[in-house]
Every structure is written in C-alpha cells, then in structure tokens.
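Chemist: pasting the sequence and the predicted model now:
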Amino acid sequence: MSNVVRENVTVLYDRRLESRFGILFTYRYGLEYKLPKPINFKRRRLFNIFSPLNLSNDVVTIDTDKGWGCVLRSTQMAISQALMNLVLGPEFSVEQLEIRNRSPRNKKIDESILNLDTFEKLINGVVDLDEISAVSVILAQFYDDLNAVFSIYNFIIADYVLKTCTKFLHFGPTSAALCASKIINDSNLPIHSIAFPDGVFHISDVFSNYLFIHI
C-alpha cells in the first residue's frame, strides 16, 4: 500500500489481483466550505464529539465529510477508476505511485496538475503524459479544492440545483449519481453520464442518447 496525495487518496495494490487496483478516498477535515443556508435547514443532532458543520448568519460552514460523505467518496472512487481505465487502459497496473504534489491540507497544491485544461487534453488524448503524471492529473480533480471538477464541494453545489437530497447532506446512491451526472455533463469533457431518478436502469434511454454507429 502506498499513500497518494497524502491523507486524501490511497492506492491499494495486491499482487494477487494482478493488473487491478483500487483508489481509496478517505474522509477529510478542514474543508471550510461556506454555503448559503439551505431551505428548511435543520441542525443535525450528533451524539459524538465532532460536528461536520456549523451555522452562522445564514451561512453553513462544512468542516468535514465524516458522518455523511461515504456515498460521495464511493462515487468519486468509481469515477476516478473509470477515468484511469479510459486514459491508461483497463490493463494498467502499478505497485507504487509517487505523486509529485502535496495535499490541499498543506495548502501547497501543484497548480499545473490541478489545471482543468491539462485534464481536458488528457481525456481527449491530445497530450502525452507518462503514467505517473496522468494519474496525478486525474486524481487532482478529486481534491477537496473548490477548483477540482469532482470535489465534494461541487457535489453539494449540484444538489443545491437538483435538490436530490431529502435532507441537507443526506446523499444516497441515487442522489450521488444524479449529482455526478450533472457535474460530468456540465463540465464539457468528452465523456457523458446518464442517471435515473427512480433508480431503474432504462437501457432504451442509454441507447437513444449514447449509442453511436460508425460506418
């Protein structure tokens, strides 16, 4: 096991899995996300020592995703793995990654890695990067940074628009998928996503929207 992007991301490698490996996004503290108070907001009663958010002057400050962000982290992991399969191929394997940057917690992010233009070029296949650099660019878009495409912050903002959560920060599989689709389809990246509010997979809709026949 090797640590990638310090506390935020861990790459797991098992020789028994051969070419397969998983990306693990863990809970974080120190997010300091400031958002307007949601309609019908109710302060959550927590019976432990931490509080993920606080309210002051109609502004909600979110400090951690511990206690509510598990589904969003799982969604991030699935998207990151899909992107690496797309860019590096499903057979890509690595035992140890050494990402050339530091975590957002240290406030010393490599801006060139976080650059959205580089990420778009990588997905489009118009920039040639070595495997380590490619993984760095992909994982950077999952930082807890406001400029990262797939940050927790952008999932929350997407829910402000879609109103998929029945309660503030109550993300489930369907609400997370809907928010992920909005983020992907609004980002103008050369990838597309479709999610279904009723939780049922409508294969006809997938074919009608995303099936292209090349002659």
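Modeler: Looks like it arrived, so ask away. Residues are numbered from 1 along each chain as shown.
Chemist: any chance you could map the helices in this structure?
Modeler: Shown for the chain, the helices assigned by DSSP state H span residues 70-88, 111-114, 116-124, 131-140, 152-162, 173-186, 203-210.
Chemist: and those helices as a markdown table, adding mean pLDDT?
Modeler: As requested, these are exported to a markdown table (pLDDT from 0 to 100):
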| stretch | mean pLDDT |
| --- | --- |
| helix 70-88 | 92 |
| helix 111-114 | 76 |
| helix 116-124 | 91 |
| helix 131-140 | 89 |
| helix 152-162 | 96 |
| helix 173-186 | 95 |
| helix 203-210 | 77 |
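Chemist: can you put those in JSON lines and add distance to Asn57 and mean neighbour count?
Modeler: Using the backbone N, CA and C atoms, a C-beta is placed for each residue, glycine as well. As requested, the helices of the chain are exported to JSON lines (distance: least, Cβ to Cβ, whole Å; neighbours: other Cβ atoms under 10 Å):
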{"stretch": "helix 70-88", "distance to Asn57": "26", "mean neighbour count": "18"}
{"stretch": "helix 111-114", "distance to Asn57": "31", "mean neighbour count": "16"}
{"stretch": "helix 116-124", "distance to Asn57": "32", "mean neighbour count": "16"}
{"stretch": "helix 131-140", "distance to Asn57": "33", "mean neighbour count": "21"}
{"stretch": "helix 152-162", "distance to Asn57": "18", "mean neighbour count": "19"}
{"stretch": "helix 173-186", "distance to Asn57": "27", "mean neighbour count": "19"}
{"stretch": "helix 203-210", "distance to Asn57": "43", "mean neighbour count": "9"}
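Chemist: and those: which comes nearest Pro38?
Modeler: Of all these, helix 152-162 sits nearest to Pro38, with 7.2 Å by Cβ to Cβ.
Chemist: which outside residues touch that closest one?
Modeler: Helix 152-162 has contacts (Cβ atoms under 8 Å, 6 or more residues apart in numbering) with 28, 31, 33, 35, 38, 62, 65, 69, 72-73, 75-76, 144, 146, 148, 165, 169, 171, 175-176, 178-180, 182-183.
Chemist: if we use 6 Å, what do you get?
Modeler: Tyr33, Asp65, Leu72, Asp144, Leu146, Cys165, Leu178, Cys179, Lys182, Ile183 (Cβ atoms under 6 Å, 6 or more residues apart in numbering).
Chemist: quick one: the last one and Phe119, what's the gap?
Modeler: Taken as Cβ to Cβ, to the nearest Å, the spacing of Ile183 relative to Phe119 amounts to 13 Å.
Chemist: and of the contacts of helix 152-162, the nearest to Pro190?
Modeler: Nearest to Pro190, judged by Cβ to Cβ, of the contacts of helix 152-162 is Ile183 at 14.7 Å.
Chemist: out of the contacts of helix 152-162, who's nearest Ala82?
Modeler: Closest to Ala82, out of all of the contacts of helix 152-162 and judged by Cβ to Cβ, is Ile183, at 13.4 Å.
Chemist: before we move on, the earlier item: looking at the helices of the chain, which is closest to Leu53?
Modeler: It's helix 152-162; of the helices of the chain, that one is closest to Leu53 (Cβ to Cβ) at 10.6 Å.
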